[in-house]
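**Student:** here is the input, now give the coordinates:
(one chain, ligands or ions: 2)
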Amino acid sequence: MQASNLVNLLQINRCDSEKLEHIDINEVVNDTRAITPGCCFVAISGGHFDGHQHVQAALDAGAALIVIEKPVEISDHSRVIMVPNTYKALAQISTRFYGNPSSKLTTFGVTGTNGKTTITHLISQIMEDAGQKTGIIGTMYNKIGDTKIPTINTTPDPHTVQSILSEMVTADVNSVAMEVSSIALVQGRVWGVDFDTAIFTNLTEDHLDYHKTFENYFAAKTLLFSQLGNSFADGQWAKNAVINIDDPAGVKLLDKTAANILTYGTHGKGLLQAANIRVTSHGTEYDLSIDNQTYPVKLQLMGDFNVYNSLAAFGAAYVNGIDPEQIIQSLETVKGVRGRFEVVPNDADVTAIVDYAHTPDGLQNVLETINAFAKGKVYCVVGCGGDRDALKRPIMAQIATDYSTNPVFTSDNPRTEDPEMILDDMVVNLNADQYVRQIDRREAINYALSQAVAGDVVLIAGKGHEDYQIIGTTKHHLDDVEIVNDFFEK
Ligand SMILES: CC(=O)N[C@H]1[C@@H](OP(=O)(O)OP(=O)(O)OC[C@H]2O[C@@H](n3ccc(=O)[nH]c3=O)[C@H](O)[C@@H]2O)O[C@H](CO)[C@@H](O)[C@@H]1O[C@H](C)C(=O)N[C@@H](C)C(=O)N[C@H](CCC(=O)O)C(=O)O
Ligand SMILES: Nc1ncnc2c1ncn2[C@@H]1O[C@H](COP(=O)(O)OP(=O)(O)OP(=O)(O)O)[C@@H](O)[C@H]1O
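**Tutor:** Residues are numbered from 1 along each chain as shown. Ligands and ions are numbered 1, 2, ... in the order given. A predicted model of the protein is given here:
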């Protein structure tokens, strides 16, 4: 692609536009490790690495065009353009380079503290059953049809977002369900994504290390909705917001968007409602109402919170024209999402559950669900991540103590923090006789399983699908489901 084609959409501070006519770009790159001859290298100033310090090396490696946001010392500036914000330029250039892929897909964006992964998987299942090929971008992986690509972030950087969306278009994907984190919204990782439907799940304590205040955290979430549906595209008011109005933050969102709004909730609230909710030992049942029709729903998923997740997915599919009975049929087939309330079968009659709950609200919801059916003791093995929101540590420990009979505190991903200090933060308001403390996660799980007898429940919370533990900066293999299976095999 001609460089001028990419560059003419940028807000440029300094550039020799005539020269750009003769430059061809074969790739967009924001990582020095991926530079190839003929690429456009966009220098990003990150927390650990600044691409601006490597501009000369990028030119030497054959980069055809360099985009910077601050002066750099190099011999020849003819292939360098300066913009106010390279991160935004990266989103703009990538969107054009990859042919604005989201405009060719039905694009769902899901935001909120909990439920994003579950909802994206439910939406994907519904759309697949409706005959579409689907994609997912999220915490567990990026998925194109049946191909799963490992990922670091829940929502990747703008270049990765656009290139994955473009791969989806090439693979004839029709619709994509994307988790949109609050941090991604603040940083602009989804600039250039033309969402058709935005979904709000809930807002509770998380990521305050990043956002500092709950107000900032809420403001970040509003961006997905305030950036949706402002234009009268193709003569249609075609954008939709699907919002949980049982959550006060959802109510506050209602006047933040120009898009059509489908509210959902329980207790008689919402245009889409669930009533008569029953949690059974093998799932959750409720009556779903919309547009003066009521439908019985029998989910295999456990817990009130999954009623909300299923309503959100139903709403998203419904506003995109999928038949309600067909949506419910799809929801009823979903057995579960990996590491989300995953019951690990065993012959000991102990209900061992691996769940990704890693926020206070998530943990409380899971324990409440367990308490609704538990007959014996409830062991709760849980820790808190290092280098992340420390405020939630004592709250999570208190919830584990209040809602389980036997809390066992252990390590999550300690990262570069001392795991003992993380546990000290967790137990600060508790007496030592209220809990068991075991820093080694495998040992902690084995301890809980060895204590449990038939009829007891062992919840292993926090890491869900993850098959690693990050200690320092190293990832060690560790898989909660595998540990449970090993224990019962022995
Ligand atoms: C705080 C934050 O947002 N960090 C993100 C940020 O990292 P950073 O600023 O340290 O990046 P950096 O390493 O300095 O690199 C800067 C630039 O130089 C490039 N680079 C880097 C190294 C090199 O050798 N050469 C090079 O060119 C990088 O590609 C990048 O373009 O940019 C990286 C690349 O896009 C992200 O992976 C990283 O997310 C880290 C891993 C992270 O933990 N982020 C968390 C806070 C986060 O974003 N979480 C949310 C929510 C998760 C949830 O659902 O709970 C998420 O969406 O993931
Ligand atoms: N709607 C919900 N409300 C509260 N808790 C939920 C909800 N849905 C799921 N959870 C809990 O949160 C955990 C994580 O669920 P899920 O992965 O779907 O959320 P998420 O928003 O994708 O989280 P993350 O972005 O941090 O990965 C689940 O294992 C469950 O314990």
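**Student:** so residue 157 sits against residue 90, correct?
**Tutor:** Yes: here residue 157 reaches residue 90: they are 7.3 Å apart, a contact under CB atoms under 8 Å. (C-beta placed from N, C-alpha, C; glycine too.)
**Student:** list residues touching both of those two?
**Tutor:** Common contact partners of residue 157 and residue 90 (CB atoms under 8 Å, 6 or more residues apart in numbering): residue 30.
**Student:** more neighbours: which of those two?
**Tutor:** More neighbours surround residue 90 than the other of residue 157 and residue 90, with 27 against 22 (other CB atoms under 10 Å).
**Student:** these two touch, right, that one and residue 43?
**Tutor:** No: between residue 90 and residue 43 there is no contact under CB under 8 Å: 9.4 Å.
**Student:** next, show the common contact partners of those two.
**Tutor:** 30, 67.
**Student:** you'd agree residue 243 is in a strand?
**Tutor:** Yes: assessed by DSSP: H, G, I helix; E, B strand; the rest coil, residue 243 belongs to a strand.
**Student:** please name the bridge partners of it.
**Tutor:** Bridge pairing for residue 243 (DSSP bridges) gives the partners residue 200, residue 263.
**Student:** and for it, the neighbour number?
**Tutor:** A count of nearby residues for residue 243, using other CB under 10 Å, gives 30.
**Student:** now do the one 3 residues further on
**Tutor:** The local packing count at residue 246 equals 18, with neighbours defined by other CB under 10 Å.
**Student:** got the domain ranges for this structure?
**Tutor:** Following automatic domain parsing, one finds the domains of the chain at 3-97, 101-333, 342-489.
**Student:** can you lay out those domains as JSON lines showing mean pLDDT and distance to ligand 1?
**Tutor:** What follows is the domains of the chain, written out as JSON lines (pLDDT from 0 to 100; distance: least, CB to the nearest ligand atom, whole Å):
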{"stretch": "domain 3-97", "mean pLDDT": "88", "distance to ligand 1": "2"}
{"stretch": "domain 101-333", "mean pLDDT": "93", "distance to ligand 1": "3"}
{"stretch": "domain 342-489", "mean pLDDT": "96", "distance to ligand 1": "8"}
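**Student:** any chance of the ones you listed in a markdown table with distance to ligand 2 as columns?
**Tutor:** Output for the domains of the chain, formatted as a markdown table (distance: least, CB to the nearest ligand atom, whole Å):
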| stretch | distance to ligand 2 |
| --- | --- |
| domain 3-97 | 20 |
| domain 101-333 | 3 |
| domain 342-489 | 3 |
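**Student:** walk me through which strands the helix or strand harbouring residue 294 pairs with, and which way each runs.
**Tutor:** Residue 294 is part of strand 293-299, with elements assigned from DSSP states H and E. Sheet pairing here is set by DSSP bridges, and for strand 293-299 it gives strand 283-290 (antiparallel).
**Student:** may I see the buried residues of the partner strand?
**Tutor:** By neighbour count with 16 or more other CB atoms under 10 Å, strand 283-290 contains the buried residues 283, 284, 286, 288, 289, 290.
**Student:** other residues contacting it?
**Tutor:** 271-278, 294-304, 306-307, 311, 314, 318, 324, 328.
**Student:** next, the distance between the ends of stretch 371-386.
**Tutor:** Using CA to CA, to the nearest Å, the span of stretch 371-386 from its first residue to its last is 29 Å.
**Student:** list the buried residues for it?
**Tutor:** 374, 377, 378, 379, 380, 381, 382, 383, 384, 385, 386.
**Student:** looking at these, which one is closest to residue 4?
**Tutor:** residue 385 (45.7 Å; CB to CB).
**Student:** how about the backbone phi and psi for that closest one?
**Tutor:** With angles defined as degrees, to the nearest 10, residue 385 sits at phi -70, psi 150.
**Student:** ok, it touching residue 412?
**Tutor:** Yes: here residue 385 reaches residue 412: they are 4.6 Å apart, a contact under CB under 8 Å.
**Student:** overlap in contacts, those two.
**Tutor:** 358, 462.
**Student:** secondary structure element for residue 363?
**Tutor:** Per DSSP H and E: residue 363 is located in helix 360-373.
**Student:** quick one: that helix to chain centroid distance?
**Tutor:** Its chain's C-alpha centre and that of helix 360-373 lie 20 Å apart, by CA atoms, centre = their mean, to the nearest Å.
**Student:** need the contact partners of it.
**Tutor:** With contacts defined as CB under 8 Å, 6+ apart, helix 360-373 is touched by 113-114, 202, 204-205, 279-281, 302-305, 341, 351, 353, 355-357, 378, 380, 382, 392, 395-396, 399-400, 403-404, 457, 459, 461.
**Student:** report the buried residues of that helix.
**Tutor:** 360, 361, 362, 363, 364, 365, 366, 367, 369, 370.
**Student:** and that helix with strand 283-290, angle?
**Tutor:** Interaxial angle, helix 360-373 versus strand 283-290 (axes from the mean of the first three to the mean of the last three CA atoms, to 10 degrees): 110 degrees.
**Student:** helix or strand right after helix 360-373?
**Tutor:** Where DSSP H and E defines the elements, the next helix or strand beyond helix 360-373 is strand 378-382.
**Student:** residues contacting residue 408?
**Tutor:** Contacts for residue 408 (CB under 8 Å, 6+ apart) come out as 379, 380, 381, 382, 435, 436, 437, 438, 444, 447, 448.
**Student:** secondary structure class for it?
**Tutor:** strand.
**Student:** is it in a bridge, and if so with what?
**Tutor:** residue 381, residue 436.
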